[in-house]
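Colleague: Please work out how this folds:
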Amino acid sequence: MSNYNTPTRILPIIVFSQFCCTSLWFAGNAVMPDLLESFDLAPTALGSLTSAVQFGFILGTLIFAILSIADRFSPSKVFFFCALIGAVANLGAVWEGNTLWSLLSSRFATGFFLAGIYPVGMKIAADYYEKGLGKSLGFLVGALVLGTAFPHLLKQFTQNIQWQLVIYITSVLASLGGVLLLVLVPDGPFGSRSQKPDFSAFFQVFNKKEFRASALGYFGHMWELYAFWAFIPVILIAYKELHFNIDFNIPLLSFSIIGIGSLSCIAGGYISEKYGAKKTAGTFLLLSGLCCLISPMIILYAPAEVFIFFLLFWGMVVIADSPLFSTLVAKNAPSAIKGTALTIVNSVGFAITIISIQLLNILWLELNPVFIYIILAIGPFFGLLGLFTVNRLSVSGRNEIEARNSKF
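Modeller: Reported below is the predicted structural model:
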């Protein structure tokens, strides 16, 4: 089985399907001003609606993990059914009778079924690519990034058309992605199938120190990532208000700042083959943390060209470590519950995003928005601490025990 040659079509189809389906994620954010106006919502709905998707994803991943869905059933079929149901849930945003609660419900349901798309897509890739997983997941997370950014691009090209078109197109794309994956990507040769739910898996996976270090790095990365993505339009507006002679195309810039991360995900996969996934991920995490710290100075004093370059750079380094952390998690997880392990880490990671998004939402209303992004540096700091100290502490502890035993 180790000599299996994966057909060349597999990765492009997984990548394209992932792109199509994850376009559901920020479809609501791309048309947020229209939602606020059409349904007479308060400005704080931005954070609430974004967090509803994240919360749905968290509950979905918890249920998928507890029931070991991705390890007990065909991952391709799970992906297909979740893509179709997620597409239907996404359409709830266009209902004319929407209130804040009905919109929160539809975005929550969309997030819930994304739990069967994003981590399951990584599980499918891991089942096909025993070697070169970091590079493969680089393409896969790159597709997630483009899918996340795509609604902003749609908004740019549909400015003179009803905003509902963005929702319709993303739902059609998600359905297409699910069908393509089901028809063209059978279950991979390196996957193993569990026969029953493993309720101990949630705790079992964290027993391994290498897994725990990888997960802690991922959690720190997630504290920053989605809060940064969700508030990119807010950052651009804050800069415009400080520099009155500047005018931005906010939908196009939002797409560019998020979308450019797809290139860094792919580049990071190749770089990691030379320097290792752990060191490469740590470098990107450090750079994105520095971006958080210097953001006030850039927003306040930088010329427009420098400001845009800074955001594009931040957009690259904030996501480039994501596929590398997923690679480390997949490699350090027990084979029989690899899909469950990826789902569990995703679940905890996205729970963290709700806290950081809501925190920014509160600070945005209470403080000068120029300074609020410093708080995002907490994630990279603790992520680096976890990534590089857990194993070191365990090794030093083990050496201490061995030295003590050698005296007797």
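Colleague: sec struct for the residue nearest to residue 206 when sequence neighbours are not counted, please.
Modeller: Excluding the flanking residues, the one nearest residue 206 by C-beta to C-beta, 6 or more residues apart in numbering is residue 212, at 5.3 Å. Backbone N, C-alpha and C define where each C-beta goes, glycine included. Of the three states, residue 212 takes helix under DSSP: H, G, I helix; E, B strand; the rest coil.
Colleague: Give me the neighbour count for residue 212.
Modeller: Residue 212 is flanked by 17 other residues according to other C-beta atoms under 10 Å.
Colleague: repeat for residue 270
Modeller: Counted with other C-beta under 10 Å, residue 270 comes out at 12.
Colleague: what's the closest non-adjacent residue to it?
Modeller: residue 135 (6.2 Å).
Colleague: Quick check: that neighbour touching residue 277?
Modeller: No - Residue 135 is beyond contact range of residue 277, at 10.2 Å (criterion: C-beta atoms under 8 Å).
Colleague: Compare those two and say which is more crowded by neighbours.
Modeller: residue 277 (24 against 20).
Colleague: Tell me the spatial nearest neighbour of residue 136, not counting adjacent residues.
Modeller: With sequence-adjacent residues excluded and distances taken as C-beta to C-beta, 6+ apart, residue 136 is closest to residue 129, at 4.3 Å.
Colleague: what's the distance between the one you found and residue 111?
Modeller: Distance, residue 129 to residue 111, by C-beta to C-beta, to the nearest Å: 27 Å.
Colleague: Looking at the two, which has the bigger crowd around it?
Modeller: Neighbour count, other C-beta under 10 Å: between residue 129 and residue 111, residue 111 has more, with 26 against 21.
Colleague: secondary structure element for residue 279?
Modeller: Residue 279 belongs to helix 277-301 when assigned by DSSP states H and E.
Colleague: wait, isn't the residue nearest to residue 136 in contact with residue 138?
Modeller: No - using C-beta under 8 Å, residue 129 is not in contact with residue 138; the gap is 11.0 Å.
Colleague: Which helix or strand contains residue 358?
Modeller: Assigned by DSSP H and E, residue 358 falls in helix 338-366.
Colleague: tell me the average confidence for that helix?
Modeller: Mean pLDDT, helix 338-366: 83.
Colleague: I'd like the distance from it to the chain centre, please.
Modeller: Relative to the chain's own centre, helix 338-366 is displaced by 10 Å; criterion: C-alpha atoms, centre = their mean, to the nearest Å.
Colleague: which residues in the stretch 51-200 of the chain form helices?
Modeller: For the stretch 51-200 of the chain, the helices defined by DSSP state H, counting those that start in this stretch occupy 69-72, 75-90, 100-114, 118-128, 133-157, 164-184.
Colleague: So which of these is nearest residue 220?
Modeller: Smallest distance to residue 220 across the helices of the stretch 51-200 of the chain (C-beta to C-beta): 16.5 Å, for helix 133-157.
Colleague: which stretches of this structure have low pLDDT?
Modeller: Across the chain, the ranges flagged by pLDDT under 70 are 1-5, 130, 132-133, 158-160, 188-205, 335-336, 339, 390-408.
Colleague: what's next to stretch 29-44, contact-wise?
Modeller: The contact list for stretch 29-44 (C-beta atoms under 8 Å, 6 or more residues apart in numbering) reads 28, 45-46, 49-50, 93, 98-100, 103, 151-152, 154-155, 163, 166-167, 230, 233, 251, 254, 361, 365.
Colleague: List buried members of those residues by neighbour count.
Modeller: 28, 45-46, 49-50, 93, 98, 100, 103, 151-152, 154-155, 163, 166-167, 230, 233, 251, 254, 361 (16 or more other C-beta atoms under 10 Å).
Colleague: Verify the stated contact: residue 342 with residue 123.
Modeller: Yes - counting by C-beta under 8 Å, residue 342 does reach residue 123; the two are 5.9 Å apart.
Colleague: which neighbours do those two share?
Modeller: Taking C-beta under 8 Å, 6+ apart as the criterion, residue 342 and residue 123 both touch residue 70.
Colleague: what's the burial count for residue 21?
Modeller: 35.
Colleague: Mind listing residues that contact the strand or helix carrying it?
Modeller: Using DSSP H and E, residue 21 sits in helix 10-22. Contact partners of helix 10-22, identified using C-beta under 8 Å, 6+ apart, comprise 79, 83, 86, 114, 117-118, 121, 124-125, 128-129, 136, 139-140, 142-144, 146-148, 150, 173-174, 176-178, 180-181, 184-185, 188.
Colleague: ditto for stretch 239-257
Modeller: Stretch 239-257 has contacts (C-beta under 8 Å, 6+ apart) with 30, 149-150, 152-153, 155-156, 159, 232-233, 236-237, 299-300, 304, 307-308, 311-312, 314-315, 370.
Colleague: Of those residues, just the buried ones, PyMOL syntax please.
Modeller: Buried residues among the contacts of stretch 239-257 (16+ other C-beta under 10 Å), as a PyMOL selection:
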select buried, resi 30+149+150+152+153+155+156+232+233+236+299+307+308+311+314+315+370
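Colleague: Settle this for me: residue 48 is touching residue 104, isn't it.
Modeller: Yes - Residue 48 is within contact range of residue 104, at 6.5 Å (criterion: C-beta under 8 Å).
Colleague: and residue 68, how far is that from residue 340?
Modeller: Taking C-beta to C-beta as the measure, residue 68 falls 5 Å from residue 340.
Colleague: Name the nearest residue to residue 15, sequence neighbours excluded.
Modeller: Using C-beta to C-beta, 6+ apart and skipping the chain neighbours, the partner closest in space to residue 15 is residue 143 (4.4 Å).
Colleague: Tell me if I'm right that the one you found and residue 262 touch.
Modeller: Yes - the pair residue 143 / residue 262 is scored as a contact, 7.1 Å apart, by C-beta under 8 Å.
Colleague: what's around residue 341, how many residues?
Modeller: Residue 341 sits with 29 neighbouring residues when counted by other C-beta under 10 Å.
Colleague: just checking, it touches residue 334?
Modeller: Yes - the criterion here is C-beta under 8 Å, and residue 341 meets it with residue 334 at 7.1 Å.
Colleague: any idea how far residue 340 is from residue 325?
Modeller: Distance from residue 340 to residue 325, by C-beta to C-beta: 17 Å.
Colleague: now residue 286
Modeller: Per C-beta to C-beta, residue 286 is found 14 Å from residue 325.
Colleague: Next, the angle from the helix holding residue 21 to helix 133-157.
Modeller: Helix 10-22 runs at 40 degrees relative to helix 133-157, counting by axes from the mean of the first three to the mean of the last three C-alpha atoms, to 10 degrees.
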